[in-house]
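# From the sequence below, what's the structure:
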Amino acid sequence: GTSPCLDNSDLHLECFSADTAPQLMCREELVRYTNEADEERQGLIVENNLMAGNTSAMEAGIRRLNETTETGGIIMNDLKGQSEQLKRTVDRVLDTGEVLKESKRVLDGMARAAATNKLTTALIILLEIFVICVIIYFKFVASSSKT
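Here you go, the predicted model:
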């Protein structure tokens, strides 16, 4: 329980006014109470220092989080720009592919026309050679057999 000297507002006067047994007990209790209060105060100081350290660590963590968030936002914007650039590049490649298909079709048509022209030219040359041979035959071979 509590001693009457701890309940009284005149704690020091009661405990130190005489050297009787209750006053000695009161002094011992006062010393014990003071020691407990000092220990509690020291504990509170340690806890306060821990809280201050934790607060500083949390503030540093929040700063790092904000920096990381800002960096992430910058990276996201860069990636968005790169994504749009890639889409434009893909569109250009597809357009180029279409142009190349059309060019291939035109070139294939030109190659067929060139092959047809070569074949036609070769047939005309062969026909001319045949006609020349026929003329020569009739002019020299047929006329010499009449005479």
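
# where exactly do the helices run in the chain?
4-7, 11-16, 21-136, 143-146 (DSSP state H).

# Could you identify which of these is most buried?
helix 11-16 (a mean of 16; mean count of other CB atoms under 10 Å). C-beta here means a position set from N, CA and C on the backbone, and glycine is covered the same way.

# Would you mind checking the average pLDDT for it?
What helix 11-16 shows for mean pLDDT is 56.

# Offset the numbering so it begins at 358, please.
Will do, 358 is the new start, and the previous item becomes helix 368-373.

# Any regions of the chain where pLDDT drops low?
The model of the chain has pLDDT under 70 over residues 358-376, 502-504.

# let's see 90
Residues of the chain that meet the criterion pLDDT under 90 lie in 358-396, 400, 403, 406-407, 409-411, 413-414, 494-504.

# How many residues are close by residue 495?
10 (other CB atoms under 10 Å).

# Check the one 3 residues further on too.
Residues lying near residue 498 (other CB under 10 Å) number 9.

# Okay, residue 396 and residue 390: tell me how far apart.
11 Å (CB to CB, to the nearest Å).
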